[in-house]
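Chemist: coords below, sequence missing:
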């Protein structure tokens, strides 16, 4: 029996394949992403694994998963900051309140943060 080549090239799709055992697997170079996926990206990755396995597989195999998750995390952080600023202004959660009554400021700020997190999770992460 003839010896199989270790690496072959398929001209029809332009991919290289490497021999692993008796099977040729595609050599896919995944682009290196420097950004972190953060809290929201991690939650969305777990959601994709559990409920959107087709999309998760596609993003993983195409090498776009990490970039997709990093972009989503940045969108979530921007949205969180915007909503927090807006809610705190509307509800009078100010520095003046913080200097006057710290516990009240913490209570109201935590309440606002919880609502903002729910909005972000429902609108961006679990969709």
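Modeler: Great, that's in hand. Because the structure is a prediction, the values reported are computed rather than measured. Numbers count the residues shown, from 1 in each chain.

Chemist: next structured bit after the top helix by length along the chain?
Modeler: In the chain, taking DSSP state H as the definition, the longest helix is helix 65-90. Remark: after helix 65-90, the chain's next helix or strand is helix 95-100, criterion DSSP states H and E.

Chemist: how many neighbours does residue 87 have?
Modeler: If you count neighbours by other C-beta atoms under 10 Å, residue 87 ends up with 18. From N, CA and C alone the C-beta is placed, and that goes for glycine too.

Chemist: for residue 127, see how far away it is.
Modeler: 22 Å (C-beta to C-beta, to the nearest Å).

Chemist: swap in residue 24?
Modeler: Taken as C-beta to C-beta, the span from residue 24 to residue 127 is 37 Å.

Chemist: more crowded one of those two?
Modeler: Between residue 24 and residue 127, counted using other C-beta under 10 Å, residue 24 has the larger neighbour count: 18 against 9.

Chemist: ok, the more buried one - contacts?
Modeler: For residue 24, the contacting residues are 8, 17-18, by C-beta atoms under 8 Å, 6 or more residues apart in numbering.

Chemist: tell me where this structure has strands.
Modeler: 7-10, 15-20, 23-26 (DSSP state E).

Chemist: can you tell me the strand partners of the last one and which way each runs?
Modeler: I take that to be strand 23-26. Next to strand 23-26 in the sheet, as set by DSSP bridges, lie strand 15-20 (antiparallel).

Chemist: scan the contacts of residue 24 and report the most crowded one.
Modeler: Neighbour counts for those peak at residue 17, which has 17 neighbours (criterion: other C-beta under 10 Å).

Chemist: go ahead and confirm that residue touches residue 27.
Modeler: Yes. The pair residue 17 / residue 27 is scored as a contact, 6.5 Å apart, by C-beta atoms under 8 Å.

Chemist: now the contacts of residue 24 as CSV including distance to residue 2 and pLDDT?
Modeler: Output for the contacts of residue 24, formatted as CSV (distance: C-beta to C-beta, whole Å; pLDDT from 0 to 100):
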residue, distance to residue 2, pLDDT
8, 13, 91
17, 17, 90
18, 18, 90
